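Asks: Turn this into a model:
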Amino acid sequence: MGNRLSKIYTRTGDDGSTGLGDGSRVAKDSLRVSAYGTVDELNSVVGMVLASDGVSDEVRETLTQVQHDLFDLGGELCIPGMAMVEDKDIERLEQVLDAFNDPLPPLKDFILPGGGMAASCCHLARTVCRRAEREVIALGRAEDIRPQAQRYLNRLSDLLFVIARVLARTSGHGEVLWQHERRRKSS
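Replies: Numbering: from 1, shown residues only. This is a model prediction of the structure:
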């Protein structure tokens, strides 16, 4: 790591711009800043899952690795031309996803976000992950972005969905199923 932050405020962003990792300045509402800002938000929400009660060691280990990956991804998005997320990171997500998903019963209905605090936070992380993916796609239309960033986020949102299912089931709250038939009964 290069420079350590000893002073948190610099006043350089008071004009609505921010510095990228390569030293260039861009508007704070640029597509690039939105993308890495949402990845940072996602990392914070994953931290909320980890701070919840009832998270198994296996889930904790997986999500801690995800937090490191997300910090790498944020760095990649903050420094144009930087490559940090690799295909092996995506493959690891797929292997972990399969391992968590295999023992779960097949879904027959949609699931509502819920199932206890940890599962609810994980559902929130999944939705923030989908937003981060959309923002990386938008950035990719305007600038060159490596496909690994989008693929990582796509796979991560699937993993977060499966982990939310696991957390809901292990918490004793169970999964909250969407009751699609409720409208027919009331009319």
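Asks: any idea what sits nearest the spatially most central residue of the chain, other than its immediate chain neighbours?
Replies: In the chain, the centroid-proximal residue (Cα atoms, centre = their mean) is Cys129; its distance is 3.6 Å. The shortest distance from Cys129 to any non-neighbouring residue, by Cβ to Cβ, 6 or more residues apart in numbering, is to Ser157 (4.2 Å). Bear in mind the C-beta positions are built from the backbone N, C-alpha and C, glycine included.
Asks: Next: Phe100.
Replies: Val162 is the one closest to Phe100 (Cβ to Cβ, 6+ apart), at 4.9 Å.
Asks: so what does the one helix or strand the one you found maps to touch, helix or strand wise?
Replies: Element membership for Val162 (DSSP states H and E) is helix 147-171. Applying 3 or more Cβ pairs under 8 Å, 6 or more residues apart in numbering; DSSP states H and E, we find helix 147-171 packed against helix 31-51, helix 57-78, helix 87-101, strand 111-112, helix 117-142.
Asks: So which helix or strand of this structure has the lowest pLDDT on average?
Replies: In the chain, the helix or strand scored least confidently by mean pLDDT, DSSP states H and E is helix 182-186, which has a mean of 68.
Asks: Might you calculate how far the helix or strand following the helix holding Val162 sits from the centre of the chain?
Replies: Beyond helix 147-171 on the C-terminal side, the first helix or strand identified by DSSP H and E is strand 176-177. Here strand 176-177 is found 22 Å from its chain centre; the criterion is Cα atoms, centre = their mean, to the nearest Å.
Asks: Stretch 131-146 too?
Replies: With Cα atoms, centre = their mean, you get 15 Å for stretch 131-146.
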